[in-house]
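Asker: Have a look at this prediction, sequence included:
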Amino acid sequence: MADEHTHEAQQAPAKDNLIPGVKHVIAVSSGKGGVGKSTVASNLACALALTGAKVGLMDADLYGPNIPMMMGSSKGPEQKDGKIVPVENYGVKLISMAYLVPEEAPLVWRGPMVHQYLQAFFRDVLWGDLDYLLLDLPPGTGDVQLSISQMVPLAGAITVTTPQEVALYDVRKGMAMFQKVNVPLLGIVENMSSFVCGHCGERTDIFSHGGGERAAEKLGIPFLGRIPIDPAIRDGGDSGHPIVVGNPASPQAAAFRDIAQKIIAALGGTEQSGSSIDSLLKKIKQPFTNS
Ligand SMILES: Nc1ncnc2c1ncn2[C@@H]1O[C@H](COP(=O)(O)OP(=O)(O)OP(=O)(O)O)[C@@H](O)[C@H]1O
């Protein structure tokens with residue numbers, strides 16, 4: 001069944017460009033749920049915005065949209081001339097299903113509905129000119145991934161994984177799907193790597209160690225970096241202050257910025273170096289607002 005679907009996707013010619021002002025669309029994916037894909041997507045979006053790039057983040061996880069909470073922006077979008085004005089926080093334009101349905105409503109969509117909603121997220125949202133539009137995908141390989149690969153040209157896909165074997169098994173399947181639909185693989189981010197005790201400094205490899213890098217080597221794709229498992233990162237997500245903007249001086253924020261620079265370089269942009277954290281932060285128009 002999956003093969004039939006991917007075959008369909010491969011054959012479908014790219015439609016009219018639904019987002020002509022967007023230079024690079026980047027899929028943030030994961031083989032498994034709960035590995036930190038939305039956390040990585042929101043921190044990378046902030047890190048890219050801090051370089052001065054124009055950035056959007058689409059919460060394409062129609063079944064479990066978390067981006068508004070993680071980006072501290074629960075207030076829904078406004079409409080203008082029948083179009084949706086994306087919400088903006090930390091210099092990142094945002095859209096999510098969470099803005100459009102009541103909080104407690106179950107999110108159960110059939111395939112055609114998924115396609116329609118995603119199309120509306122591309123076509124009916126006033127994204128304007130963007131350097132990067134990140135798509136936070138649902139975990140796994142399903143309707144959303146296929147619809148998106150048919151709808152817009154993807155500059156590349158990033159996969160987030162935790163380091164243990166069972167997560168890596170799913171990474172390979174996810175990456176194979178992107179390869180089948182001719183989406184370049186930008187690389188793997190290993191999240192929830194080691195835990196370093198804040199008291200004694202001892203390192204514990206809760207989900208094993210180094211699996212993301214080994215998988216990248218095996219698959220012949222770049223390893224983009226590792227993010228430690230750290231309560232401050234979880235706290236940033238829960239409180240709507242991604243650590244990249246909530247605590248920019250932390251090593252965790254630096255790890256996200258480093259990955260963002262690798263993505264910029266992979267897509268042909270210029271790495272921004274030498275900027276102080278203060279000067280980068282001044283580029284965020286309205287920090288900590290819109291919640
Ligand atoms: N590096 C980290 N350290 C500590 N907590 C983390 C880290 N990364 C993510 N988390 C936490 O793990 C939980 C799951 O993360 P997140 O929602 O980003 O995962 P996900 O892969 O997008 O999940 P799903 O796609 O299944 O909704 C969240 O509570 C988040 O704050």
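Answerer: Arrived safely, thanks for sending.

Asker: Please identify which helix or strand holds residue 56.
Answerer: strand 55-59 (DSSP states H and E).

Asker: Name the strands paired with that strand and say parallel or antiparallel.
Answerer: When pairs are called by DSSP bridges, strand 55-59 turns out to pair with strand 92-96 (parallel), strand 130-136 (parallel).

Asker: Assign a three-state SS to the most centrally placed residue in the chain, would you?
Answerer: For the chain, residue 41 is the residue whose C-alpha lies nearest the centre (CA atoms, centre = their mean; 2.8 Å). On the three-state scheme (DSSP: H, G, I helix; E, B strand; the rest coil), residue 41 is labelled helix.

Asker: which residues does residue 84 bridge with?
Answerer: With DSSP bridges as the criterion, residue 84 is bridged to residue 79, residue 125.

Asker: any residues touching the strand holding residue 56, and which ones?
Answerer: By CB atoms under 8 Å, 6 or more residues apart in numbering, the residues outside strand 55-59 that reach it are 22, 38, 41-42, 45, 48-49, 65-68, 71, 86, 91-98, 121-122, 125, 127, 130-136. (Glycine included, C-beta is placed from N, CA and C.)

Asker: Now list the buried members of the residues you listed.
Answerer: Neighbour counting over these (16 or more other CB atoms under 10 Å) leaves 22, 38, 41-42, 45, 48-49, 65-68, 71, 86, 91-98, 121-122, 125, 127, 130-136 as the buried ones.

Asker: show me where the protein has helices.
Answerer: Along the chain, counting by DSSP state H, helices occupy 2-11, 37-50, 67-70, 111-123, 143-151, 165-180, 211-219, 231-239, 243-246, 251-266, 277-281.

Asker: Would you single out the least confident of the ones you listed?
Answerer: Note on the helices of the chain: lowest mean pLDDT is at helix 2-11, with a mean of 42.

Asker: on that earlier part again, show me which of the contacts of strand 55-59 neighbour the ligand.
Answerer: Counting by CB under 6 Å from any ligand atom, 38, 66 from the contacts of strand 55-59 sit close to the ligand.

Asker: how about the residues of the stretch 1-150 of the chain that lie near the ligand?
Answerer: Within the stretch 1-150 of the chain, the positions near the ligand by CB under 6 Å from any ligand atom are 30, 33-39, 61, 64, 66, 139.

Asker: Export those as a markdown table, with columns for distance to residue 258.
Answerer: Output for those, formatted as a markdown table (distance: CB to CB, whole Å):
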| residue | distance to residue 258 |
| --- | --- |
| 30 | 20 |
| 33 | 26 |
| 34 | 24 |
| 35 | 19 |
| 36 | 16 |
| 37 | 18 |
| 38 | 20 |
| 39 | 16 |
| 61 | 25 |
| 64 | 28 |
| 66 | 24 |
| 139 | 24 |
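
Asker: how much space between the residue of the chain positioned farthest from its centre and the ligand?
Answerer: Within the chain, the residue lying farthest from the chain centre (CA atoms, centre = their mean) is residue 200, at 32.8 Å. With distances taken as CB to the nearest ligand atom, to the nearest Å, residue 200 is found 19 Å from the ligand.

Asker: now do residue 141
Answerer: Taking CB to the nearest ligand atom, one finds residue 141 at 13 Å from the ligand.

Asker: What's the local residue count around that residue?
Answerer: 22 (other CB atoms under 10 Å).

Asker: give the contact list for residue 100.
Answerer: Shown in contact with residue 100 (CB under 8 Å, 6+ apart): residue 76.

Asker: residues contacting the closest residue to residue 238 other than its chain neighbours?
Answerer: Of all residues not flanking residue 238 in the chain, residue 69 sits nearest, at 7.6 Å (CB to CB, 6 or more residues apart in numbering). Counting by CB under 8 Å, 6+ apart, residue 69 touches 98, 237-238, 240.

Asker: Does residue 191 touch residue 227 like I think?
Answerer: Yes: the criterion here is CB atoms under 8 Å, and residue 191 meets it with residue 227 at 4.8 Å.

Asker: any shared contact partners between the two?
Answerer: 36, 40.

Asker: just checking, residue 30 touches residue 174?
Answerer: Yes: using CB under 8 Å, residue 30 is in contact with residue 174, at 7.0 Å.

Asker: More neighbours: which of these two?
Answerer: residue 30 (28 against 24).

Asker: What residues does the more buried one make contact with?
Answerer: Residue 30 neighbours (CB under 8 Å, 6+ apart): 36-37, 137, 139-140, 159-161, 170-171, 174.
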